[in-house]
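Colleague: The sequence isn't on hand, but the structure is:
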């Protein structure tokens, strides 16, 4: 599969649909697994890593699933392509640029499932879903896990469960993450309420795959910290409960915005669209901030001529590696800002002419 | 923004909830963040008077050593990563308090691999056979070594 074929697609996590998609961007579950017969990746020799890759590839080629997983070798992949896959949330920064030796990733054409090989753990399974869909994501990844497990002997301990390179992942090896768009809580300075709700059950808050400050584009990822001593259902149930609380806060804050400062919000959205459509230089950060305002405007029904999926499209396509793939050659920082502005202007004009 | 602990770019921005509406922001690179994520749990515990980690330092300088990969408990403490699956048994007495502080529990309560019981015994046998193979080679008993090697292959492919 040529990675360029993915370029025009949005990928599962940016589809912009799914339950509660006015606030929940996407749901992700990952499982950490290791093969029983080898040292963990950090201590495995290049020869052992090669064996691990071939065993996993063999197992992946035989999984009986509704989708087909294609394997991509990372060391032989151009750096730009690796960054592209990071932006699409299919691989970690670590797998792309930090780790060494034989490693890779298998994913399906819809970009909803991926298996990283020789990351911190031998296997990192991931399922992505648009919107708030922890149950669906769990059902998918559980099947993928069963299918791989029937062909690979996992390192499993009767007391500690699935064994992982880092003790923070042992047990279920499960990390459930829900990406939320919380512009109204940010705007009304109530985002602390979110952290208070999380305090209750030891959940972590991060920005969009680490990129930029936590406030970038008002996107937050909420995930569990504890992986041992609770069942998968219980872990996911606890995340669910907290997300529902945050959803309520964000929707209340949005209602207050509409009631108390509708005109001001309308103006903010119009200005954001104006800047996006007329700038000649724009950073990724500013783009994310402005797109966040537009996204809120769409869900508050302050504008009705920009579809939510268009915002997601602009969001992903204006990231560094995507932009360079669109242009077809490498760009330095300044050139990127100019290319980003040019792309935004063209796309928004296109949307405008469709009105 | 630079990482607070090393010169790399900070990519993770963690907000620690300290309680009573007090928050602390930490900006770290991916590597330092991974270390950080399990550190604070130990700090919290120190406050509660659980001194699991310091006991280890006092009693055994390097701690236990894993017979399979050779990693010592001290090495694990410094890196925050295990060398192989057998470390969990090798360091078990020291791990229990660590698990308690990181997860608030020491027993897995989730999914179990369907073929777990069979693989457990096969794995034990494999580990034994591999050890035996090395001994046989050292003792230059090549004929028996070849038979052992074939048995390992057989078990690996079954």
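Modeller: Now that the structure is in, tell me what you want to look at. These figures come from a predicted structure and were not determined experimentally. Numbering: from 1, shown residues only, chains lettered A, B, ... in the order given.
Colleague: which residue lies farthest from the center of chain B?
Modeller: Seen from the C-alpha centroid of chain B, the residue lying at the greatest distance (CA atoms, centre = their mean) is residue B:143, 37.0 Å away.
Colleague: Phi, psi for that residue please.
Modeller: Backbone torsions for residue B:143, taken as degrees, to the nearest 10, come to phi -60, psi -50.
Colleague: Residue A:117 now?
Modeller: According to degrees, to the nearest 10, the main-chain angles of residue A:117 amount to phi -110, psi 130.
Colleague: now do the one 4 residues further on
Modeller: The main-chain torsion angles of residue A:121 are listed as degrees, to the nearest 10 and equal phi -110, psi 160.
Colleague: I'd assumed residue A:110 was in contact with residue A:140.
Modeller: No - using CB atoms under 8 Å, residue A:140 is not in contact with residue A:110, being 11.1 Å away. All C-beta atoms are positioned from the backbone trio N, CA, C, and that covers glycine.
Colleague: Look at these two and report which has more neighbours.
Modeller: Taking residue A:140 and residue A:110 together and counting by other CB atoms under 10 Å in any protein chain shown, residue A:140 has the greater number of neighbours (21 against 13).
Colleague: who's in contact with that one?
Modeller: Residues in contact with residue A:140 (CB atoms under 8 Å, 6 or more residues apart in numbering or on different chains) are A:112, A:113, A:127, A:129.
Colleague: can you check residue A:110 too?
Modeller: A:11, A:12, A:67.
Colleague: how far away is the residue in chain B that chain A sits nearest to from residue A:239?
Modeller: At 2.4 Å from chain A, residue B:105 is the closest residue in chain B, using CB to the nearest CB. Here the criterion is CB to CB, to the nearest Å. By it, residue B:105 lies 17 Å from residue A:239.
Colleague: Looking at those two, which is more packed in?
Modeller: Taking other CB under 10 Å, residue B:105 and residue A:239 do not tie; residue A:239 has more neighbours (22 against 15).
Colleague: ok, now which ones touch the more buried one?
Modeller: Applying CB under 8 Å, 6+ apart, the residues contacting residue A:239 are A:134, A:176, A:178, A:203, A:222, A:223, A:224.
Colleague: So, low pLDDT: which residues of chain A?
Modeller: Along chain A, the parts satisfying pLDDT under 70 run over A:1, A:197, A:199-201, A:208-215, A:354-355.
Colleague: Assign a three-state SS to the most centrally placed residue in it, would you?
Modeller: In chain A, the residue lying closest to the centroid (CA atoms, centre = their mean) is residue A:89, at 4.6 Å. State at residue A:89, reduced to three classes by DSSP: H, G, I helix; E, B strand; the rest coil: coil.
Colleague: Distance check, the closest residue to it other than its chain neighbours against chain B.
Modeller: The spatially closest residue to residue A:89, leaving aside those adjacent along the chain, is residue A:13, at 5.8 Å (CB to CB, 6 or more residues apart in numbering or on different chains). Counting by CB to the nearest CB, to the nearest Å, the gap from residue A:13 to chain B is 19 Å.
Colleague: Residue A:13 contacts residue A:26, correct?
Modeller: Yes - Residue A:13 is in contact with residue A:26 according to CB under 8 Å; the separation is 3.7 Å.
Colleague: Find the residues that touch each one of the two.
Modeller: By CB under 8 Å, 6+ apart, residue A:13 and residue A:26 have these common neighbours: A:128, A:129, A:130, A:179.
Colleague: Restricted to helices, list the contacts of residue A:110.
Modeller: For the contacts of residue A:110, membership in helices holds for none, with DSSP state H as the criterion.
Colleague: which stretches of chain B aren't confidently modelled?
Modeller: Under the criterion of pLDDT under 70, the regions of chain B flagged as low confidence span B:15-23, B:34-61, B:116-122, B:124, B:157-158.
Colleague: Check which residues of stretch A:102-119 are buried.
Modeller: Of the residues in stretch A:102-119, those buried by neighbour count under the rule 16 or more other CB atoms under 10 Å in any protein chain shown are A:102-108, A:111-119.
Colleague: Also stretch A:333-342?
Modeller: Within stretch A:333-342, the residues scored as buried using 16+ other CB under 10 Å are A:336, A:337, A:339, A:340, A:341, A:342.
Colleague: what sits against the last one?
Modeller: Residue A:342 makes contact with residue A:280, according to CB under 8 Å, 6+ apart.
Colleague: where does it fall, helix, sheet strand or coil?
Modeller: helix.
Colleague: What separation is there between it and residue A:323?
Modeller: Residue A:342 is 10 Å from residue A:323, by CB to CB.
Colleague: Quick one: the strands in chain B, in order.
Modeller: Listed from the start of the chain, chain B has strands (DSSP state E) covering B:12-19, B:22-28.
Colleague: again with chain A
Modeller: Going by DSSP E, chain A shows strands at A:24-33, A:70-73, A:104-107, A:113-117, A:123-130, A:156-157, A:161-162, A:174-181, A:203-206, A:219-224.
Colleague: So in terms of bridging, what pairs with residue A:206?
Modeller: When assigned by DSSP bridges, residue A:206 has beta-bridge partners residue A:221.
Colleague: Please verify my assumption that it contacts residue A:223.
Modeller: Yes - with contact defined as CB under 8 Å, residue A:206 and residue A:223 form a contacting pair (7.3 Å).
Colleague: Mind telling me which residue of chain A is nearest chain B?
Modeller: Counting by CB to the nearest CB, chain A gets nearest chain B through residue A:229, at 2.4 Å.
Colleague: Spit out the contact partners of that residue.
Modeller: A:171, B:103, B:104, B:105, B:106, B:107, B:108, B:109.
Colleague: Tell me how many other residues crowd the nearest residue to the second one once chain neighbours are set aside.
Modeller: By that I understand residue B:103. Setting aside the residues directly before and after it, residue B:103 is nearest to residue A:228 in space (CB to CB, 6+ apart), at 3.9 Å. Burial of residue A:228 is recorded as 27 neighbouring residues (other CB under 10 Å).
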